[in-house]
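1. Model the following, please.
(chains A, B, C and D)
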There are 2 protein chains.
Amino acid sequence: MTPPMDAMQATLYPSETSRVMAVLLQIARALEKRLEEGLEMVDLSVAKYSAIKHLALAGEPLALSELASRMVCVRSNITQLMGRLETDGLVQRVEDPRDRRCVRAELTPLGRERHAAGAKRVRQVQDEMAETLCGLDCAVLERALAALK
Amino acid sequence: MTPPMDAMQATLYPSETSRVMAVLLQIARALEKRLEEGLEMVDLSVAKYSAIKHLALAGEPLALSELASRMVCVRSNITQLMGRLETDGLVQRVEDPRDRRCVRAELTPLGRERHAAGAKRVRQVQDEMAETLCGLDCAVLERALAALK
DNA sequence: GCCCTACTGTACATATATGAATGACCGCCC
DNA sequence: GGGCGGTCATTCATATATGTACAGTAGGGC
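-> Predicted coordinates for the structure are as follows:
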């Protein structure tokens, strides 16, 4: 589960902007919860799924730094996550003979299977959400996101 | 900082729903980051601000269970957060003579000041966001949120 | 060839969340 | 009035994030 944290969700500053921010944060929270619940059925967390998704997408072992970069998080986070993924048998660390600083993350066969199962669950959640989200204007949202970054 | 976790942010399932979900999650992430940065300037995290905001709103000491309920999180989280808030001198635990199971959280004078400072920062972030978010249709977002819950 | 800088992954401290288990306490029913 | 079930906060284990500090390695400039 991702944190709640409703700094915006209340009624202290009921301007329109405040309300929009609050609703956006709550929607994101609800979406993450759906994803978590879907992935939980195949023994994956959002973090773990994200990692094996990037590895599956890459099609080859990735340096942990590269994985951190693609997951938009710090390296020390990947160090920990890799530990849990190795414990689960989904990923293994492999040395890079060309650069001995490097450790690469490689999907195991089980990891590949699990990724497929997770992807199926994610697609299912998306299907369930389609009707709910179809009223939103994707282009407008994308413009907002671009302005926000 | 709130987790990144981009299960949806990629390109594997580029259906419209998937894209909308990805953008929503990224927008929320960016918003939280702005809030965190704003609150950081007054030595507050989003979690801490949320707690003292609820206490200020309530206008009286709240039982930790009640605070957990209002913050939509579990009690053990509040136990930890209260420890950090007490260390910061923003809040203190007070006993409830009428129910000795109860511990109530009471804002200190410093906590009240800090809440005011945090609220100012949050309003500032909202002002900065107003233009970016004004294109979004609040009513549509609210309908989506209602359907999601 | 050697040194300096930059990059790699990891270890550690910390913040934030969850859930399960525990012990204290309340209120009610008989 | 005594027991019993439910509620309270805390503790513990765990997952997920961050940032700092560190040791090892790579690689370029001299």
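
2. Could I get the average pLDDT for stretch A:119-129?
-> What stretch A:119-129 shows for mean pLDDT is 95.

3. how many neighbours does A:D96 have?
-> For A:D96, the neighbour count with other C-beta atoms under 10 Å in any protein chain shown is 12. No exception for glycine: its C-beta is placed from N, CA and C like everyone else's.

4. wait, doesn't it sit right on A:A63?
-> Yes - under the criterion of C-beta atoms under 8 Å, A:D96 makes contact with A:A63 at 7.0 Å.

5. and A:Q124, what helix or strand is that in?
-> In the assignment (DSSP states H and E), A:Q124 maps to helix A:109-133.

6. Just want the phi and psi numbers for A:R93.
-> According to degrees, to the nearest 10, the main-chain angles of A:R93 amount to phi -80, psi 130.

7. roughly how far apart are it and A:A56?
-> A:R93 sits 17 Å away from A:A56, taking C-beta to C-beta, to the nearest Å as the criterion.

8. So between these two, which is more surrounded?
-> Using other C-beta under 10 Å as the criterion, A:R93 and A:A56 rank with A:A56 on top: 17 against 14.

9. How about the contacts made by that one?
-> With contact set as C-beta atoms under 8 Å, 6 or more residues apart in numbering or on different chains, A:A56 has these partners: A:107, A:112, A:115.

10. quick one: A:P97 is in a strand?
-> No - read with DSSP: H, G, I helix; E, B strand; the rest coil, A:P97 is coil and lies in no strand.

11. I'd like the distance from it to A:S65, if you could.
-> 17 Å.

12. neighbour count winner among the two?
-> Ranked by neighbour count (other C-beta under 10 Å), A:P97 and A:S65 place A:S65 first, with 13 against 7.

13. tally of neighbours for whichever residue of chain A sits closest to chain B?
-> Among the residues of chain A, A:A28 lies closest to chain B, at 3.2 Å counting by C-beta to the nearest C-beta. A total of 21 residues lie near A:A28 under the criterion other C-beta under 10 Å.

14. can the helix or strand harbouring A:L35 be found next to DNA strand C?
-> For A:L35, the host element (DSSP H and E) is helix A:16-40. No - Helix A:16-40 lies apart from DNA strand C when judged by C-beta under 7 Å from any atom of the strand; the minimum separation is 9.5 Å.

15. Enumerate the positions of that helix that are buried.
-> Buried residues in helix A:16-40, counted by 16 or more other C-beta atoms under 10 Å in any protein chain shown: A:17-36, A:38-39.

16. ok, back up a step: tilt between the helix holding A:Q124 and helix A:16-40?
-> Helix A:109-133 and helix A:16-40 are oriented at 140 degrees to each other (axes from the mean of the first three to the mean of the last three C-alpha atoms, to 10 degrees).

17. Helix A:109-133 - contacts with which helices or strands?
-> Applying 3 or more C-beta pairs under 8 Å, 6 or more residues apart in numbering or on different chains; DSSP states H and E, one finds that helix A:109-133 contacts helix A:16-40, helix A:46-58, helix B:16-40, helix B:138-148.

18. For DNA strand D, see how far away the spatially most central residue of chain A is.
-> Nearest residue to the geometric centre of chain A (C-alpha atoms, centre = their mean): A:S50, 4.4 Å. As judged by C-beta to the nearest atom of the strand, to the nearest Å, A:S50 and DNA strand D stand 7 Å apart.

19. Does that residue touch A:C73 like I think?
-> No - using C-beta under 8 Å, A:S50 is not in contact with A:C73; the gap is 9.3 Å.

20. Quick one: classify A:R104 as helix, strand or coil.
-> When classified by three-state DSSP, A:R104 comes out as strand.

21. confidence score at the nearest residue to it once chain neighbours are set aside?
-> Distances taken as C-beta to C-beta, 6 or more residues apart in numbering or on different chains place A:P61 nearest to A:R104, at 3.7 Å, with adjacent residues excluded. pLDDT, A:P61: 98.

22. show me the contacts for A:P61.
-> Residues in contact with A:P61 (C-beta under 8 Å, 6+ apart) are A:55, A:94, A:104-106.

23. Would you mind listing what in chain A touches DNA strand D?
-> So chain A meets DNA strand D at A:45-48, A:72-77, A:80-81, A:84, A:98-101 (C-beta under 7 Å from any atom of the strand).

24. at 10 Å instead, please
-> Residues of chain A lying close to DNA strand D (C-beta under 10 Å from any atom of the strand) are A:1-3, A:32, A:36, A:39, A:44-51, A:68, A:71-81, A:83-85, A:87-88, A:96-102.
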